[in-house]
Each structure stands twice: as structure tokens, then as C-alpha cells.
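Okay, sequence plus prediction incoming.
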Amino acid sequence: MSSQLTSGNTALFAISILLIICSLIIILLIAMLQKHRKEKLLFESKYQELKEKYNQLELENLDSRLNPHLFKNILNSVQSHAYQTYFALDKLANVLDYILYESRKKYVTPRQEVEFALNLIEINKIKLSPLFDLKVKLKVNENEPLYNQHLLAPFISIDLIENAFKHADLQSQGAFISIIFEFNDDTFGLTVANKISEKSPIRKEKGGFGIESLEQRLKIIYNDHFKFDRFTEDNVYISHLKIDLLEFKAKMLAS
């Protein structure tokens with residue numbers, strides 16, 4: 001009887017030791033898992049921080065190349081049409097104010113960007129014949145609150161407009177450029193269409209930066225809150241940009 005009790009106690013002791021060891025192993029595994037999760041979160045946080053810094057550096061690099069590029073094109077337009085210098089310089093003054101002051105901000109209002117683009121169009125108009133079919137339309141609801149809020153990246157409309165004047169057919173019958181600005185339901189829209197010139201544009205060593213930089217900026221800044229389409233239809237090149245500023249603002253506030 002005594003030996004049976006001793007054997008039973010030994011078995012109970014062994015089970016207890018085993019349970020303690022299992023408990024310690026479980027506790028150790030849980031601690032290791034928590035440590036792993038913390039390291040993972042720290043890694044993800046560090047990765048996101050580095051990604052944001054990289055994006056910021058890339059944007060700064062794009063902006064530093066964008067401003068001189070724009071300014072050079074504007075000066076070339078003014079210089080080549082001296083007879084309209086006074087009118088062009090008046091518009092150029094407005095453009096320079098935007099470049100020197102407003103564009104240094106991370107975001108501008110849709111109103112400021114549209115006004116800037118209209119001045120840019122007026123400068124480019126001096127290269128055209130008075131009979132050239134240039135259509136500029138504003139489909140803008142100025143009463144919407146977001147129209148006057150700083151949510152739009154500066155210079156977002158430049159490349160589409162400049163490309164139209166650069167590559168459009170400016171000579172043949174039926175040639176045209178159409179530019180439509182839209183702001184409705186908290187969405188900024190820009191549609192630019194032009195008849196394509198049959199003459200192939202002269203290739204430049206450092207050309208093609210405009211559209212490439214625009215796509216990069218849109219992806220970095222607006223992520224999946226924009227739509228950018230480009231296509232050719234019946235010898236007409238069409239670009240359409242739409243940015244949902246309400247969704248973008250909600251994302252900004254959430255972050």
C-alpha cells in the first residue's frame with residue numbers, strides 16, 4: 001500500500017513537473033511571439049518612414065526640375081512674339097507669383113491652380129493665329145468648399161496643357177486645341193484634346209520628362225484617388241485627369 005502511494009505521488013510529481021515545463025515553454029513562445037510582433041511593427045514603421053522620406057525626396061527632385069523647365073518655356077514664348085510683350089508680361093507676372101510663392105506650398109487650392117493654368121494658356125495663345133480654334137471651358141462649381149481648400153498639388157495641370165500646344169497641329173484646316181477644367185462633387189477634372197500634327201516632333205536628348213513626372217507625382221501624392229487616361233481617337237490625342245479630393249482629404253485626416 002505504501003509503495004502504491006509512493007508510486008502515485010511520484011507520477012503526480014512528474015506530471016506536475018511536466019505541466020510546469022509545458023507552461024514555461026508556452027510562456028516563452030508567447031513572449032517570443034510578442035517580441036516578433038513588436039519587431040515586425042517596428043520594421044514596418046521604419047519601412048514606412050523611409051518610404052515617405054524617399055517619396056518626399058523624389059517630389060523635391062521633380063519640383064526642382066519642373067520650375068526651371070516651365071519658366072524657360074514661358075520666356076521662349078514671350079521672346080518669340082515681341083509684338084505682344086506687354087500683354088504676355090502681364091500674364092507672366094501672375095505665373096511668376098504662382099511659381100515663387102504659391103507653388104512652394106505642398107498644396108494649393110483648385111481655384112489657384114485653375115487661375116494659374118488660365119494665365120499659362122493666355123501666354124501660349126500668342127503663338128497661335130487669331131483664327132486658330134482654341135476652346136477653353138470652365139465647368140466649375142465655385143461654391144463647393146473644397147474648391148478653396150489646399151488639396152491640389154501645384155503644377156498638376158501644366159504638362160497636359162503644354163503638350164497640347166507643343167504637339168498640336170497648328171496649321172491645317174480643322175486643327176484645334178480643347179481644354180476643359182471641371183470641379184464638381186469635390187472632384188477636380190482636366191480634359192485636354194488636340195489634333196495631332198503630322199510632322200513628327202523633333203526629339204530632344206532630355207525630352208519626355210513632363211508626362212513621366214506627372215504620373216510619378218500623381219502616384220506618390222494621390223495613390224489610388226485619381227484616374228489618368230491618355231488615348232488617340234481619329235487623329236485626336238486626348239488626356240483626361242480626374243482627382244477625387246474628398247477621398248484624398250479623408251485619407252489625410254485619417255493619417
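Structure received. Residues are numbered from 1 along each chain as shown.

so where's the stretch 151-255 of the chain uncertain?
Applying pLDDT under 70 to the stretch 151-255 of the chain picks out residues 199-210.

residue ranges of the strands in it, please?
176-184, 187-195, 226-233, 236-244 (DSSP state E, counting those that start in this stretch).

what's the spacing between the second one and its chain's center?
Read it as strand 187-195. 16 Å (C-alpha atoms, centre = their mean, to the nearest Å).

would JSON lines of the strands of the stretch 151-255 of the chain with mean neighbour count be doable?
From N, CA and C alone the C-beta is placed, and that goes for glycine too. What follows is those, written out as JSON lines (neighbours: other C-beta atoms under 10 Å):
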{"stretch": "strand 176-184", "mean neighbour count": "19"}
{"stretch": "strand 187-195", "mean neighbour count": "21"}
{"stretch": "strand 226-233", "mean neighbour count": "13"}
{"stretch": "strand 236-244", "mean neighbour count": "18"}
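
For the residue nearest the centre of the chain, give me its contacts.
By C-alpha atoms, centre = their mean, the mean C-alpha position of the chain lies nearest to L218, the distance being 2.0 Å. For L218, the contact set (C-beta atoms under 8 Å, 6 or more residues apart in numbering) comprises 156, 226, 228, 241, 243.

Need the strands of the stretch 151-255 of the chain in a markdown table (columns: distance to K91).
Below are the strands of the stretch 151-255 of the chain laid out as a markdown table (distance: least, C-beta to C-beta, whole Å):
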| stretch | distance to K91 |
| --- | --- |
| strand 176-184 | 16 |
| strand 187-195 | 19 |
| strand 226-233 | 27 |
| strand 236-244 | 23 |
